[in-house]
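Student: Predicted model follows, preceded by the sequence.
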Amino acid sequence: MTTRERPSSVRNRPGRPYPLGAIWDGSGVNFALFSENATGVELCLFEEDRETRIPVVENTDHVWHVYLPDARPGTRYGYRVHGPWNPGEGHRFNPAKLLLDPYARAIDGTITWGDSLFAYEVGGGDDADLKPHLNEFERFGEAEVTTSASEAAPQSRYFSRLCEAAPPPRR
């Protein structure tokens, strides 16, 4: 069974669309991610060697958001974003790739840059950007999802981390 097939037992609420990023409010964490063209977003939590996927169903003005009352600073997370694959229009959505939070304040671990980070052939000619790797693209949308961080390497290294408590929002 994949993590996608296992129902999430993580308590969650709709959350707020702003501010963007992962914001600790003293009781839990609000996650908000902007994407104008996404058709779906999954918040991926990592605990020890397990990945738990939480569908983010709230979308306000292209901001996907969810609130986790049990999340705390230091929570390891990333996103899997669904949407169109149309490189000619700048769309390269691929939920098989774990994404960093673009609003993260810190990253846990190191990023090792390499061609495996891309879902297309890098440096393969003028139109290489338009050629997806078949082993990535054929699984697109129906990939077996690994449930172990060690099995997901190197992808599992590329998640964001809340590493310090932010002050509660002004009321």
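Tutor: Sure, I can see it.
Student: Show me where this protein dips below the pLDDT cut-off.
Tutor: For the chain, residues meeting the criterion pLDDT under 70 lie at 1-8, 124-171.
Student: Going C-terminal from the strand or helix carrying Ile54, what's the next secondary structure element?
Tutor: Ile54 belongs to strand 50-56 when assigned by DSSP states H and E. Using DSSP H and E, the next helix or strand after strand 50-56 towards the C-terminus is strand 58-60.
Student: and that following strand, which residues are buried?
Tutor: 58-59 (16 or more other C-beta atoms under 10 Å). Every C-beta, even on glycine, is put in place using the N, C-alpha and C of the backbone.
Student: Just name whatever secondary elements it is in contact with.
Tutor: Judged by 3 or more C-beta pairs under 8 Å, 6 or more residues apart in numbering; DSSP states H and E, strand 58-60 is in contact with strand 63-68.
Student: The strand it packs on: what's the following helix or strand?
Tutor: Assignment by DSSP H and E places the next element after strand 63-68 at strand 76-82.
Student: hey, C-alpha coordinates of that next one in PDB?
Tutor: C-alpha atoms of strand 76-82 as PDB (Å, rounded to 0.1, in the frame of the first residue of the first chain):
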ATOM      1  CA  ARG A  76       9.700  18.500   8.100                       C
ATOM      2  CA  TYR A  77       7.500  19.000   5.000                       C
ATOM      3  CA  GLY A  78       7.400  19.600   1.300                       C
ATOM      4  CA  TYR A  79       4.700  19.700  -1.400                       C
ATOM      5  CA  ARG A  80       3.700  17.600  -4.300                       C
ATOM      6  CA  VAL A  81       1.800  19.700  -6.800                       C
ATOM      7  CA  HIS A  82      -0.500  18.400  -9.600                       C
END
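Student: Return the angle between stretch directions for that strand and strand 63-68.
Tutor: If you take axes from the mean of the first three to the mean of the last three C-alpha atoms, to 10 degrees, strand 76-82 sits at 140 degrees to strand 63-68.
Student: Just the buried residues of strand 76-82, please?
Tutor: 76-81.
Student: can you redo those residues as CSV with distance to Arg92?
Tutor: Formatted as CSV, those follow (distance: C-beta to C-beta, whole Å):
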residue, distance to Arg92
Arg76, 24
Tyr77, 21
Gly78, 16
Tyr79, 14
Arg80, 13
Val81, 10
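Student: Widest-spaced pair of these?
Tutor: Arg76 and Val81 (17.7 Å; C-beta to C-beta).
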